[in-house]
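# sequence first, predicted model second:
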Amino acid sequence: MALKTIQAPLPGTFYRSPAPDQPSFKVEGDTVSVGDTIGLIEVMKTFVPVAAEEAGKVVAFHVENEDAVMAGQPLYDLEG
């Protein structure tokens with residue numbers, strides 16, 4: 001199975017859950033389908049969903065909740 005590293009599409013703050021008191025969208029080991037939300041990137045009070053473009057399994061995250069990210073920075077690894 002191929003391992004693919006998914007990168008941040010834009011700079012901002014990465015959130016792994018929809019709200020502080022809510023569970024993460026996905027965690028390591030979860031399977032994802034095309035269109036599943038993996039996280040959110042906040043840019044100037046606008047939240048942009050990071051959606052899976054391929055089906056597979058989340059192997060590892062490269063960033064933590066509320067980490068600042070730059071466009072092109074690795075977010076997570078997907079095994080497909």
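Yep, it's here.
# contacts and neighbour counts: CA atoms only from here.
Fine.
# which stretches of the chain aren't confidently modelled?
For the chain, not a single residue meets the criterion pLDDT under 70.
# in the helix or strand hosting residue 38, what counts as buried?
Secondary structure assigned from DSSP states H and E places residue 38 in strand 37-43. Within strand 37-43, the residues scored as buried using 16 or more other Cα atoms under 10 Å are 37, 38, 39, 40, 41, 42.
# got it, and stretch 60-74?
61, 63, 66, 69, 70, 73, 74.
# need these in JSON lines (columns: distance to residue 24 and secondary structure).
Listed next are the buried residues of stretch 60-74 as JSON lines, based on distance: Cα to Cα, whole Å; DSSP: H, G, I helix; E, B strand; the rest coil:
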{"residue": "61", "distance to residue 24": "12", "secondary structure": "strand"}
{"residue": "63", "distance to residue 24": "13", "secondary structure": "coil"}
{"residue": "66", "distance to residue 24": "12", "secondary structure": "coil"}
{"residue": "69", "distance to residue 24": "18", "secondary structure": "strand"}
{"residue": "70", "distance to residue 24": "21", "secondary structure": "coil"}
{"residue": "73", "distance to residue 24": "20", "secondary structure": "coil"}
{"residue": "74", "distance to residue 24": "18", "secondary structure": "strand"}
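# now, which of the residues you listed sits nearest residue 20?
The closest of the buried residues of stretch 60-74 to residue 20 turns out to be residue 66 (Cα to Cα; 9.9 Å).
# which residues does the closest one contact?
Listed by Cα atoms under 8 Å, 6 or more residues apart in numbering, the contact partners of residue 66 are 13, 14, 15, 16.
# now it. Its backbone dihedrals?
phi 70, psi 20 (degrees, to the nearest 10).
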